[in-house]
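**Student:** no FASTA, just this:
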């Protein structure tokens, strides 16, 4: 029910961090068309300054920033906390009142934003505990991230004074901050992650994959056959049948 | 310049008619086209007649003679010898089977004053403006980003007829605009402060629940809103995942 875009540059080198919200009750075609005005600006946040990794002072500053971010988001999500359990009567557009349970269900953001909000290192997967060196392989067996467990584990770790390697799997890939969604009621933080269409899916996965596939086909002279298959894909709800081959439109 | 059909000798000037010809006469050529033809055949009895009449008055047909009867035969072939595959469309929920979550999205009451508000909307769609002209002028001002002082000038110099438009200055226009969005109180902004140890920075936020209330209350979304999750299946019994309400998450959290 909530989206977030990446950091945006306004004029005059000022930056802002907008957070948007919308509702899942609207069909996606309606929700995503700009004219329907279905996406509301929920918050405008300041951007934490970039800090170096090396110095101790910056290290401390990072921790402060992460905690501040946590507080800000807790403030923003506060109205949704109680009603997620008890529900609340909301007037609906058809003139009826319904008992509604507004629950944060998805967070659309690019990868850098996601790892920042989930309190992970930049090369970590927000959904499961796949180790960095196995990214890109077909590893499927990894445990879903349990952010509540990380939370219990972290304070102990800090008391002992140093980042020890005791619990290697748990410690692996965790960043300095904590998951900002961890205290939002009825929200499973690992389910929130939704890839952003443009950067993650299209420019990231899809384009990369198509480049490789095309190279492969060129080598084996199968380009035309692939184009035919591409154009012959059957329709599916929400999927527009391709009229032209991939090569013709890109 | 008319475009020539690559599969026969017909020529078409209008793209709509050309597309229809491709869909009907050459439907068997392509799997993709064939599957879209399924839809057309639902209304094939209508389209048969339409085609017949359309062929006479539109487009430069090259062969009105024997070739002219061909498309209909093609069409009938496909209509009766149809494949087992029928593809459902998310926009036609009547097709296929649906399972609804029992009790979800139940109505627990009526919104006070809704009937009144709704009938007002129907009786006087231009309110708070007193005419269509007044509304159109206002939206022209706003969308054209005319400055406030220019709008005031417009009326003070006598260019506009304040009587028929219903407002005579930016001030009254702004009052009208405020009335247009009766639920804007849900979207109030709050200001907060963040301290990062060195500086204090302001930030701005809205009430998240207010935003949800605001969106759910918009009469403009009345026909689109979905209040309960459901499972949708196509005619072969395959589960269809499309919109959020057809997937598992909503079903799982529903109470």
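**Tutor:** Sure thing, it's come through. What you are looking at is a predicted structure, and each value in this text was computed from that prediction instead of being measured.

**Student:** just the strands in the stretch 51-200 of chain B please.
**Tutor:** B:97-100, B:107-110, B:189-195, B:200-206 (DSSP state E, counting those that start in this stretch).

**Student:** what strands flank the first one, and is each parallel or antiparallel?
**Tutor:** The partner list of strand B:97-100 in its sheet, established with DSSP bridges, is strand B:230-233 (antiparallel).

**Student:** and the helix or strand that the partner strand is followed by, what does it pack onto?
**Tutor:** From strand B:230-233 onward toward the C-terminus, using DSSP states H and E, the following helix or strand is strand B:239-240. If you count contacts as 3 or more CB pairs under 8 Å, 6 or more residues apart in numbering or on different chains; DSSP states H and E, strand B:239-240 packs onto strand B:230-233. Heads up, the C-betas are built off the backbone N, CA and C, glycines and all.

**Student:** give me the domain ranges for chain B.
**Tutor:** Following automatic domain parsing, one finds the domains of chain B at B:3-80, B:97-105+B:227-253, B:114-180, B:187-221.

**Student:** sorry, back to before: can you tell me which of the strands of the stretch 51-200 of chain B is most buried?
**Tutor:** Counting by mean count of other CB atoms under 10 Å in any protein chain shown, strand B:200-206 has the highest mean neighbour count of the strands of the stretch 51-200 of chain B, with a mean of 16.

**Student:** who touches that one?
**Tutor:** The contact list for strand B:200-206, computed with CB atoms under 8 Å, 6 or more residues apart in numbering or on different chains, reads A:19, A:40-46, A:72, A:75-76, B:187-195.

**Student:** out of the strands of the stretch 51-200 of chain B, flag the one nearest residue A:225.
**Tutor:** Closest of the strands of the stretch 51-200 of chain B to residue A:225 is strand B:97-100, at 36.7 Å (criterion: CB to CB).

**Student:** anything in the longest helix seen in chain A near chain B?
**Tutor:** Identified as the longest helix of chain A according to DSSP state H is helix A:56-86. Yes. Contact of helix A:56-86 with chain B (CB under 8 Å from any CB of the partner chain) involves A:61, A:64-65, A:68, A:71-72, A:75-77, A:79-80, A:83.

**Student:** which among the residues you listed end up buried?
**Tutor:** Taking 16 or more other CB atoms under 10 Å in any protein chain shown as the criterion, what is buried in the residues of helix A:56-86 next to chain B is A:61, A:65, A:68, A:72, A:76-77, A:79-80, A:83.

**Student:** for chain B, state which of these is nearest.
**Tutor:** Minimum separation from chain B among these (CB to the nearest CB) is found for residue A:79, which lies at 3.9 Å.

**Student:** residue ranges of the helices in the stretch 51-200 of chain B, please?
**Tutor:** For the stretch 51-200 of chain B, the helices defined by DSSP state H, counting those that start in this stretch occupy B:70-80, B:114-123, B:132-143, B:148-156, B:162-165, B:170-180.

**Student:** weakest of those helices by average pLDDT?
**Tutor:** Lowest mean pLDDT within the helices of the stretch 51-200 of chain B: helix B:70-80, at a mean of 38.

**Student:** where exactly do the helices run in chain A?
**Tutor:** Taking DSSP H, the helices of chain A run over residues A:28-32, A:56-86, A:111-118, A:147-159, A:168-171, A:189-192, A:207-220, A:223-231, A:246-249.

**Student:** as JSON lines, those with mean pLDDT and distance to residue B:157 would be great.
**Tutor:** Formatted as JSON lines, the helices of chain A follow (pLDDT from 0 to 100; distance: least, CB to CB, whole Å):
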{"stretch": "helix A:28-32", "mean pLDDT": "82", "distance to residue B:157": "42"}
{"stretch": "helix A:56-86", "mean pLDDT": "82", "distance to residue B:157": "47"}
{"stretch": "helix A:111-118", "mean pLDDT": "80", "distance to residue B:157": "51"}
{"stretch": "helix A:147-159", "mean pLDDT": "63", "distance to residue B:157": "64"}
{"stretch": "helix A:168-171", "mean pLDDT": "51", "distance to residue B:157": "73"}
{"stretch": "helix A:189-192", "mean pLDDT": "77", "distance to residue B:157": "56"}
{"stretch": "helix A:207-220", "mean pLDDT": "89", "distance to residue B:157": "56"}
{"stretch": "helix A:223-231", "mean pLDDT": "88", "distance to residue B:157": "61"}
{"stretch": "helix A:246-249", "mean pLDDT": "79", "distance to residue B:157": "52"}
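
**Student:** who wins for proximity to residue B:133 among these?
**Tutor:** Within these, the stretch nearest residue B:133 is helix A:28-32; the backing value is 29.9 Å (CB to CB).

**Student:** residues in contact with that closest one?
**Tutor:** Identification of contacts with helix A:28-32 by CB under 8 Å, 6+ apart yields A:22-23, A:36, A:38-39, A:238, B:221, B:224, B:243-244.

**Student:** would you turn those residues into TSV with distance to residue A:132, neighbour count and pLDDT?
**Tutor:** Formatted as TSV, those follow (distance: CB to CB, whole Å; neighbours: other CB atoms under 10 Å in any protein chain shown; pLDDT from 0 to 100):
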residue	distance to residue A:132	neighbour count	pLDDT
A:22	33	23	87
A:23	36	23	87
A:36	41	16	81
A:38	38	20	85
A:39	34	19	85
A:238	34	16	68
B:221	44	22	88
B:224	43	16	86
B:243	35	24	83
B:244	32	20	83
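
**Student:** out of those, which comes closest to residue B:164?
**Tutor:** Residue B:164 lies nearest to residue A:36 out of the contacts of helix A:28-32, by CB to CB, at 31.4 Å.

**Student:** please report how far the closest one lies from residue A:30.
**Tutor:** Distance of residue A:36 to residue A:30, given as CB to CB, to the nearest Å: 5 Å.

**Student:** common neighbours of these two, please.
**Tutor:** Here residue A:36 and residue A:30 share the contacting residues residue B:221, scored by CB under 8 Å, 6+ apart.

**Student:** burial count for the closest residue in space to residue A:89 that isn't next to it in sequence?
**Tutor:** In this structure, residue A:89 finds its nearest non-sequential neighbour in residue A:97, 5.1 Å apart by CB to CB, 6 or more residues apart in numbering or on different chains. Using other CB atoms under 10 Å in any protein chain shown, residue A:97 is surrounded by 16 other residues.

**Student:** for residue A:97, give its distance to residue B:107.
**Tutor:** As judged by CB to CB, residue A:97 and residue B:107 stand 7 Å apart.

**Student:** kindly report the same for residue B:231.
**Tutor:** According to CB to CB, residue B:231 stands 22 Å off from residue B:107.

**Student:** got the confidence number for residue B:27?
**Tutor:** So residue B:27 comes in at 54 (pLDDT).
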